[in-house]
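Enquirer: sequence plus the predicted model coming up.
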Amino acid sequence: MENKKFYITTPIYYVNAKPHIGHAYTTIAADVLARFYRQQLGKENVFFLTGTDEHGAKIQKKAEEAGKSPQEFVDEISSEFKKLWAKDKLNIEYDNFIRTTDGTHIKAVQRVLQTLKDKGAIYKGEYEGLYCVGCEQFKNEDDLVNGKCPDHGTAPDLMKEESYMLKMTEIQAELLEKIEKEEFKVTPEKYKNKIVSFLKNQTLHDVSISRKNVSWGIPLPFDESHTTYVWVDAFLNYLTGLGWDGDENNLPEMWPVDINLIGKDILRVHATIWPAILIHLGIKLPKIIFTHGHILSDGKKMSKTLGNTISIDEMLEKFGTDGTRYLLLSAGPFGEDIDVTMERMVEKYNADLANGLGNLISRVIKLAEGYEFENKNEYDPLIWNKGFIEAFWMDKALERISDHLIRKSNKYITDNKPWELKKTDEAKFKEVMQKLISDLYLVSELFIPFMPETSEKIKKALETKKLDEVLFQRIK
RNA sequence: AGCGGGAUGGAGCAAUGGCAGCUCGUCUGGCUCAUAACCAGAAGGUUGUAGGUUCGAAUCCUACUCCCGCAACCA
């Protein structure tokens, strides 16, 4: 059955640091999907949500270090994300940008927590964790260096603290069933397998959903001495981002989520705590959790220590908005880890965009100058990419446009020599050019979701037979 | 230790039982409409190692080597 609406989300990004290439990758992919479905279903039937996650101990600490209030700090970083998504940067066309510090979000979260408490899904228990006395905070294994707090050089103590807990064990069987039956589809397959084996092999323990000594968070409505643990706060954005007020009997029309797009680092929580909350509330689960891989650089995780990071600003500067969008999406199969290096991206940029697409447009426009041609393309652009995009094969979709249209057109020009025909056989010349122009109209339409600006520029050039600027100047 | 992913011509990838293909790079030739771009042809691989199954293996099985990641409240 055909979906009549399409609701897609990115994770909301934690504002402990400025946006990086990974955030950009997820968001570009979501944007391409959203733009594609807007073409298919109409703008009003698509909702694309992104935003920022702004509470928690880590933020509180970072703000302190920066000598700012938490609110100032999160305002600043959140706006960095917004700027990066703007038209002059990555050109992300979201329908809403939610912030977990929005008043409406906070109210809705509190309402949900109260409901969960009333339903008996939340109880008072104890959270056990590694506590650093110097930081007055619980630490995660990942925060530690050689088992010691990096700030204080001391090993944290195993400590217990009063905390409210969300019942996980009792929903485990139901969750597993929903995942196995793909009522709650975790995809690609390998990630589903991961989660299924995880859920089969151990009993989920109840999770702590509050913190006692973190002030930068949403206070529990039934115990103001606790703030809400960030994950619980964050997950609910997928609902509050639609304007939901926290009443489970009054869900937004766009619900459920069609695609929760996430990176593999946050798969486990998204496939356990998030659905657990919804099951407790009696709300339908998202249809699909799509997990994509990470961006590696030279086969390794990007890290400052290794010095192999590639900044998104650097990419934008070098490749422009559409170049960056193209390169990230075509770097490898969506879902797998993709490996990028600046060197290879420059190569691909030159090969596909400058020498391929850009040069093709130049030569066709020059040849067509002074003549009139229409768009006589016979293919339906909405069908052309459909199968691929529905399968999330954005890289394959791009590859096929390159192969079937761009390379073929270049060959067609060489084979038919329109510059000669122009002098010797005008009828044939017009026929050849008409075919080229029509194919390029198709190219411009197919690129709409991927490279909206470029698509526009191509269309304009085809209509006016003039190219105002060189598309994708070759990088030396 | 365990779990997951991977190893294919110089580089990056494709091919899940049937002649090992694509892009980039290299070499040679062609073209001159175009962004020193475009087109054609060529060279280059005993598919990580060792065994096994099969008429047939990159693909299935076993063992091993190496690389990467994960190892629940890290957003």
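Expert: Looks like it arrived, so ask away.
Enquirer: pLDDT at the residue of chain A at minimum distance from RNA strand B, what is it?
Expert: Nearest residue of chain A to RNA strand B, counting by Cβ to the nearest atom of the strand: A:G358, 1.4 Å away. Heads up, the C-betas are built off the backbone N, CA and C, glycines and all. For A:G358, the pLDDT comes out at 97.
Enquirer: now swap in the one 10 residues further on and tell me
Expert: In the predicted model, A:A368 carries a pLDDT score of 93.
Enquirer: also the one 3 residues further on?
Expert: Among the per-residue scores, A:Y371 shows a pLDDT of 89.
Enquirer: mind checking the SS state of it?
Expert: For A:Y371, the assignment made with DSSP: H, G, I helix; E, B strand; the rest coil gives coil.
Enquirer: residues from the stretch 351-476 of chain A in reach of RNA strand B?
Expert: Residues of the stretch 351-476 of chain A lying close to RNA strand B (Cβ under 7 Å from any atom of the strand) are A:351, A:354-359, A:361-363, A:366-367, A:407, A:410-411, A:413-415, A:417-420, A:470-474.
Enquirer: quick check: PyMOL command selecting the buried ones in these.
Expert: Selection of buried members from these for PyMOL, criterion 16 or more other Cβ atoms under 10 Å:
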select buried, chain A and resi 354+356+357+358+359+361+363+367+410+413+418+471+472
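Enquirer: ok, the closest residue to A:G299 other than its chain neighbours to A:N308 distance?
Expert: Spatially, and ignoring its direct neighbours in sequence, A:G299 is nearest to A:D339 (5.7 Å; Cβ to Cβ, 6 or more residues apart in numbering). Distance, A:D339 to A:N308, by Cβ to Cβ, to the nearest Å: 11 Å.
Enquirer: same thing with A:D233?
Expert: Plainly put, A:D233 is 33 Å away from A:N308 if you go by Cβ to Cβ.
Enquirer: comparing the two, which shows the higher neighbour count?
Expert: A:D233 (26 against 17; other Cβ atoms under 10 Å).
Enquirer: secondary structure element for that one?
Expert: helix A:230-235 (DSSP states H and E).
Enquirer: equivalent analysis for A:N260, please.
Expert: Per DSSP H and E, A:N260 falls inside strand A:259-263.
Enquirer: take that strand, keep the C-alpha atoms, and write them as CSV.
Expert: Coordinates of each C-alpha in strand A:259-263 appear next as CSV, following Å, rounded to 0.1, in the frame of the first residue of the first chain:
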residue,chain,number,x,y,z
ILE,A,259,11.7,7.0,9.0
ASN,A,260,13.9,7.7,12.0
LEU,A,261,17.2,8.2,10.3
ILE,A,262,20.1,7.6,12.7
GLY,A,263,23.8,6.8,12.8
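Enquirer: give the next helix or strand downstream of the worst-scoring helix or strand of chain A on mean pLDDT.
Expert: Least confident helix or strand, chain A: strand A:137-139 with a mean of 67, by mean pLDDT, DSSP states H and E. Beyond strand A:137-139 on the C-terminal side, the first helix or strand identified by DSSP H and E is strand A:157-166.
Enquirer: can you give me the helices in the stretch 351-476 of chain A?
Expert: With DSSP state H, counting those that start in this stretch as the criterion, the stretch 351-476 of chain A has helices at A:359-368, A:381-384, A:386-390, A:394-401, A:408-416, A:418-424, A:426-446, A:452-464.
Enquirer: can you state the direction angle for the fourth one and helix A:426-446?
Expert: Read it as helix A:394-401. Taking axes from the mean of the first three to the mean of the last three Cα atoms, to 10 degrees, one finds helix A:394-401 and helix A:426-446 inclined to each other by 180 degrees.
Enquirer: show me the shaky parts of chain A.
Expert: Chain A contains residues with pLDDT under 70 at A:1-3, A:132-137, A:139-154.
Enquirer: now do 50
Expert: Flagging of chain A using pLDDT under 50 yields the residue ranges A:1.
Enquirer: domain parsing for it?
Expert: With domains defined by automatic domain parsing, chain A comprises A:6-292, A:342-464.
Enquirer: dump those to CSV, plus distance to A:P333.
Expert: What follows is the domains of chain A, written out as CSV (distance: least, Cβ to Cβ, whole Å):
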stretch, distance to A:P333
domain A:6-292, 9
domain A:342-464, 6
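Enquirer: which residues sit in contact with the closest residue to A:V15 other than its chain neighbours?
Expert: Excluding its sequence neighbours, the residue lying closest to A:V15 (Cβ to Cβ, 6+ apart) is A:I77, at 3.9 Å. When contacts are counted by Cβ atoms under 8 Å, 6 or more residues apart in numbering, A:I77 touches A:V15, A:N16, A:A17, A:K18, A:T52.
Enquirer: tell me the residues of the stretch 51-200 of chain A that contact RNA strand B?
Expert: Residues of the stretch 51-200 of chain A lying near RNA strand B by Cβ under 7 Å from any atom of the strand: A:53, A:56, A:58, A:127-129, A:138, A:140-142, A:168, A:190, A:193-194, A:197.
Enquirer: can I have the buried ones of these as a ChimeraX selection?
Expert: Buried residues within those, by 16+ other Cβ under 10 Å, are selected in ChimeraX with:
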select /A:53,56,58,127,129,138,168,194
